[in-house]
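Undergrad: Sequence and predicted structure below; questions after.
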Amino acid sequence: MAHLTPLFIGGQPKFSASTFDVINPASGLVVGKSVNASREDCQAAVNDAAKAFQTWERSTIALRRGIFLKAAELVATEKYKNKIMEAIQTETAASPAWCTFNWTGSTNNLRNSAGFLTELNGQILPSVNPDGKLEVHRRAMGVILSIAPWNAPVTLSLRAVLIPIISGNTVVLKSSEYSPRSQAVVVELLHEAGLPPGVLNYVSVSREDAPARTAELIAHPSVRKITFTGSDRVGRVVAMEAARHLKPCILELGGKAPVIVLDDANIAAAARGIVNGAFIHSGQVCMSSERVIVQTRAAPLLIDAITTLCKGLKGNIGPLFHQGSADNVVNMVKEAVERGAELLVGDLNRERATVLPHLVKLEFKGSGTGKGLRLWEKESFGPVLVFVVVDTVDEAVELANASEYSLTAGVWSNDAYVAQHVAARVRAGFVNLNGSTVHTEPLASVRGLGGASGYGRFDVDAFTDLRVIVSHPRVPSD
């Protein structure tokens with residue numbers, strides 16, 4: 001019997017006769033079912049979160065820290081390792097290495113998030129009034145609606161809920177329809193660790209019903225902020241819906257990460273880092289390296305090294321999350337080849353939802369083959385890497401910045417001063433020097449700078465309000 005994933009509202013699982021199928025992208029088989037949240041379910045989830053906020057906001061930091069550290073201990077056990085590995089592999093057909101990444105990173109995510117309690121501080125400032133006092137209080141916002149994706153279902157669901165909760169908010173987590181079981185593990189984990197009922201509620205919705213339910217969740221008066229991680233297409237819809245109600249958003253959307261490789265770079269290290277950044281999880285990461293801009297002298301060696309590494313990846317590339325995604329990736333490459341791009345590696349084909357690595361070389365000088373191509377301008381979210389050869393650093397920076405994406409980037413050079421100088425010129429929220437673009441730091445999370453990469457950070461500032469209390473001097477009695 002297929003596994004049935006319930007909703008979780010008010011500290012209790014919620015079942016219903018209305019369900020939808022979860023399909024494994026590799027086999028095409030139904031591997032699970034999820035309860036399909038109704039309008040009433042979604043309203044109840046927000047209402048319970050709003051009720052729980054009244055007490056959770058006033059909970060002690062010791063209680064919050066204790067729950068997170070307990071969850072960190074629990075997730076390190078074989079019980080949760082097996083739950084996470086099995087759920088992600090079953091629903092998304094991710095590689096064992098990617099499933100392990102979702103599991104092993106969870107402990108650090110929980111411990112690091114517990115440490116953010118120290119940022120729940122305020123200020124006392126002098127007032128313009130003699131003998132007055134100005135106090136700035138940092139307060140939780142209320143109910144946060146967090147919409148997390150399928151591609152790193154445990155990692156990104158944890159990120160979607162941990163900082164809001166540690167800051168004193170309550171959360172309604174809406175899962176992807178592709179990974180409800182995987183994301184529900186996060187809810188189970190935190191409640192087993194002692195999270196009070198209503199602080200974290202969970203809903204999952206079918207693809208067909210998602211637009212209406214999401215709009216209703218956003219419109220609920222108790223929802224104070226929305227976070228969304230996913231495509232820029234859906235991100236625009238979420239942002240417009242939130243704008244109707246003048247509600248703020250955090251949007252982590254697409255990426256088209258450029259990697260600049262200078263002539264003096266360590267070619268072997270750069271090749272390994274780029275291949276890791278481009279093909280981990282079959283390129284289904286918003287931070288994936290998609291555009292390699294390499295100087296002339298380094299180009300032949302780098303392209304040869306990456307080509308050799310890619311040919312050894314055949315057995316390590318898993319399926320994309322949907323056959324439609326695989327078709328889109330293949331079509332983007334075909335369009336480029338038809339326009340004159342040079343196909344270095346790849347067969348312009350797919351097997352079910354699996355696409356093998358493709359390497360493509362574009363030209364931008366003169367009439368160029370790269371101008372106006374989707375493969376250069378739009379996120380592929382697949383195992384594709386594009387090369388452009390340039391003469392100067394100025395050309396490299398100009399091409400790196402010729403994009404509506406701004407999430408992450410990379411620079412490779414053996415000269416630390418030059419690398420820092422080039423990195424400062426690249427318009428990206430997160431630039432990696434001599435390392436993979438698929439990298440995050442707990443103290444400075446990845447963030448877009450607007451456009452197709454979205455905006456905002458998952459930190460305490462983003463999930464708290466600063467409220468001012470002014471104490472005026474006492475007025476003498478008459």
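TA: Done, it's in.
Undergrad: Only C-alpha atoms from now on, for both contacts and neighbour counts.
TA: OK.
Undergrad: At which residues are the strands of the stretch 251-400 of the chain located?
TA: For the stretch 251-400 of the chain, the strands defined by DSSP state E, counting those that start in this stretch cover 257-261, 289-295, 342-345, 358-362, 384-390.
Undergrad: Let's have these in a markdown table, adding mean neighbour count, distance to residue 185 and mean pLDDT.
TA: Conversion of these to a markdown table gives the following (neighbours: other CA atoms under 10 Å; distance: least, CA to CA, whole Å; pLDDT from 0 to 100):
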| stretch | mean neighbour count | distance to residue 185 | mean pLDDT |
| --- | --- | --- | --- |
| strand 257-261 | 31 | 31 | 98 |
| strand 289-295 | 28 | 29 | 98 |
| strand 342-345 | 17 | 39 | 96 |
| strand 358-362 | 22 | 34 | 96 |
| strand 384-390 | 24 | 31 | 97 |
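Undergrad: between those, which gets nearest to residue 400?
TA: strand 257-261 (5.5 Å; CA to CA).
Undergrad: got the CA coordinates for the closest one in CSV?
TA: Output of strand 257-261 as CSV, limited to C-alpha atoms (Å, rounded to 0.1, in the frame of the first residue of the first chain):
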residue,chain,number,x,y,z
ALA,A,257,25.4,31.3,-11.6
PRO,A,258,28.4,32.6,-13.5
VAL,A,259,31.8,31.3,-12.8
ILE,A,260,34.8,33.4,-14.0
VAL,A,261,38.0,31.5,-14.5
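Undergrad: where in this structure is pLDDT low?
TA: Low-confidence segments of the chain, defined by pLDDT under 70: 1, 315, 366-370, 478.
Undergrad: try 80 this time
TA: Within the chain, the segments meeting pLDDT under 80 span 1, 314-315, 365-371, 445, 477-478.
Undergrad: Where do the helices of it begin and end?
TA: Remark: helices assigned in the chain by DSSP state H are 39-56, 61-75, 78-92, 96-115, 153-166, 180-192, 210-219, 232-244, 267-279, 299-311, 323-338, 374-377, 393-401, 416-425.
Undergrad: In TSV, list those along with distance to residue 466.
TA: Converted to TSV, the helices of the chain look like this (distance: least, CA to CA, whole Å):
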stretch	distance to residue 466
helix 39-56	18
helix 61-75	18
helix 78-92	37
helix 96-115	20
helix 153-166	15
helix 180-192	28
helix 210-219	23
helix 232-244	21
helix 267-279	38
helix 299-311	49
helix 323-338	42
helix 374-377	39
helix 393-401	35
helix 416-425	31
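Undergrad: Rebuild these as CSV, extending it with mean neighbour count and distance to residue 360.
TA: Shown next, in CSV, are those (neighbours: other CA atoms under 10 Å; distance: least, CA to CA, whole Å):
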stretch, mean neighbour count, distance to residue 360
helix 39-56, 21, 45
helix 61-75, 19, 41
helix 78-92, 19, 27
helix 96-115, 18, 25
helix 153-166, 25, 30
helix 180-192, 23, 34
helix 210-219, 17, 36
helix 232-244, 16, 24
helix 267-279, 22, 13
helix 299-311, 17, 10
helix 323-338, 19, 8
helix 374-377, 20, 9
helix 393-401, 18, 16
helix 416-425, 15, 24
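Undergrad: how about these, which one is nearest residue 253?
TA: helix 232-244 (5.0 Å).
Undergrad: And for that closest one, what's in contact with it?
TA: 215, 218-219, 226, 228-229, 248-249, 251, 253-254, 452-454 (CA atoms under 8 Å, 6 or more residues apart in numbering).
Undergrad: do the same with stretch 81-90
TA: Taking contacts as CA under 8 Å, 6+ apart, the residues outside stretch 81-90 that touch it are 24, 31, 75, 94-96, 99-100, 102-103, 153-154, 179, 181-182, 185.
Undergrad: Determine which two of those residues are furthest apart.
TA: So, the contacts of stretch 81-90 by CA to CA: farthest apart are 24 and 75, at 24.6 Å.
Undergrad: Just the buried residues of the contacts of helix 232-244.
TA: For the contacts of helix 232-244, a burial check counting by 16 or more other CA atoms under 10 Å picks out 218-219, 226, 228-229, 249, 251, 253-254, 452-454.
Undergrad: Widest-spaced pair of those residues?
TA: Farthest pair in those, by CA to CA: 219 and 254, 24.8 Å.
Undergrad: for the residue positioned nearest the centre of the chain, what are its contacts?
TA: The structure's the chain has its C-alpha centroid closest to residue 229; by CA atoms, centre = their mean the separation is 5.0 Å. Counting by CA under 8 Å, 6+ apart, residue 229 makes contact with 147-149, 235, 251-253.
Undergrad: So what's the residue count around residue 58?
TA: When neighbours are counted by other CA atoms under 10 Å, residue 58 registers 11.
Undergrad: distance of it from residue 142?
TA: From residue 58 across to residue 142, the span is 12 Å (CA to CA, to the nearest Å).
Undergrad: Residues contacting stretch 199-209, please?
TA: Under CA under 8 Å, 6+ apart, the answer for stretch 199-209 is 7-11, 19-20, 34-38, 41-42, 45-46, 48-49, 52-53, 56, 161, 165, 169-177, 180, 184, 187, 213.
Undergrad: Kindly check the end-to-end length of stretch 433-441 for me.
TA: The straight-line separation of the ends of stretch 433-441 (CA to CA) is 14 Å.
Undergrad: That should have said stretch 330-345, apologies.
TA: Stretch 330-345 has an end-to-end distance of 13 Å (criterion: CA to CA).
Undergrad: Let me see the contact set for the residue nearest to residue 420 when sequence neighbours are not counted.
TA: Distances taken as CA to CA, 6 or more residues apart in numbering place residue 433 nearest to residue 420, at 7.7 Å, with adjacent residues excluded. Going by CA under 8 Å, 6+ apart, residue 433 touches 410-413, 419-420, 423.
Undergrad: Let's see that with 7 Å instead.
TA: Each residue near residue 433 by CA atoms under 7 Å, 6 or more residues apart in numbering is listed here: 410-412, 419.
Undergrad: Same question for residue 143.
TA: So residue 143 contacts 49-50, 169-171, 222-224 (CA under 7 Å, 6+ apart).
Undergrad: In strands, which of the residues you listed fall?
TA: Members of the contacts of residue 143 lying in strands (criterion: DSSP state E): 170-171, 223-224.
Undergrad: any idea which of those is the one closest to residue 282?
TA: Nearest member of the ones in strands among the contacts of residue 143 to residue 282, counting by CA to CA, is residue 171, at 30.8 Å.
Undergrad: Show me what the closest one bridges to in the sheet.
TA: residue 144, residue 200 (DSSP bridges).
Undergrad: My guess is it contacts residue 147. True?
TA: No - applying CA atoms under 7 Å, one finds residue 171 not in contact with residue 147, separated by 10.2 Å.
Undergrad: Between the two, which is the more surrounded one?
TA: residue 171 (31 against 24).
Undergrad: and that one, what is it in contact with?
TA: Contacts of residue 171 by CA under 7 Å, 6+ apart are 49, 143-146, 161, 199-201.
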